[in-house]
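Undergrad: just a sequence and a predicted model for now, questions to come.
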Amino acid sequence: MQSWALTILVGITLCVLLSGCAAVKEELGLLPPPGEEGAATEEEEWGELETEEAAVSYANDVQPIFEANCTRCHGRRRQEKKLNLTSYPTLVSRNVVSPGDAEGSSLYQKITLPGSGRMPLQGDPLSQQDIDKIKKWINAGATDN
């Protein structure tokens, strides 16, 4: 009977030490209760949480969309309506993005227009996924990240 209890105790100890299982640590009284000083946040317990609202990066997500679909007409050599979409500074200098307000941003309005006025004028419309990325980026503040 004593070896059985020792086996359980060793198993619980290993769980706490090897897995960092916060629930077990809390149950054994090894963690302060949530909200108290020294208590781990959920992010600290589980690492950075994955969410559907993952951040959209201008450099990694938005700029490649512009490069693939917009810079033929709004690039370094050709700048229709004096709009250059090749870099963040040239984009924001034209005030076509209202940070935090995609619906109020002329860039977003142009890519979501129905019919012949929508951008890009040449080629296929942007995919809904690309439109959603741009919208999310603008609504998150349109930062240069």
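TA: Received it, and whenever you're ready, just let me know what you need.

Undergrad: every contact and neighbour count from this point should use C-alpha atoms.
TA: Noted.

Undergrad: please parse this protein into its domains.
TA: 2-46, 58-139 (automatic domain parsing).

Undergrad: among those domains, which gets the worst mean confidence?
TA: Least confidently modelled of the domains of the chain is domain 2-46, at a mean of 58 by mean pLDDT.

Undergrad: so where do the helices sit in this structure?
TA: 2-14, 22-27, 42-46, 63-69, 88-92, 106-112, 128-139 (DSSP state H).

Undergrad: tell me how far Glu70 lies from Ala55.
TA: Careful, residue 70 is Cys and not Glu. 23 Å (Cα to Cα, to the nearest Å).

Undergrad: who has more neighbours out of the two?
TA: Cys70 (21 against 13; other Cα atoms under 10 Å).

Undergrad: can you tell me the closest non-neighbouring residue to the more buried one?
TA: Excluding the flanking residues, the one nearest Cys70 by Cα to Cα, 6 or more residues apart in numbering is Pro120, at 6.3 Å.

Undergrad: count the residues that sit near the one you found.
TA: Counted with other Cα under 10 Å, residues neighbouring Pro120 total 20.

Undergrad: right, and it touches Asn69 too?
TA: Yes - in this structure Pro120 lies within contact range of Asn69 using Cα atoms under 8 Å: 6.7 Å.

Undergrad: between those two, what contacts are shared?
TA: Residues within reach of Pro120 and of Asn69 at once, by Cα atoms under 8 Å, 6 or more residues apart in numbering, are Leu126.
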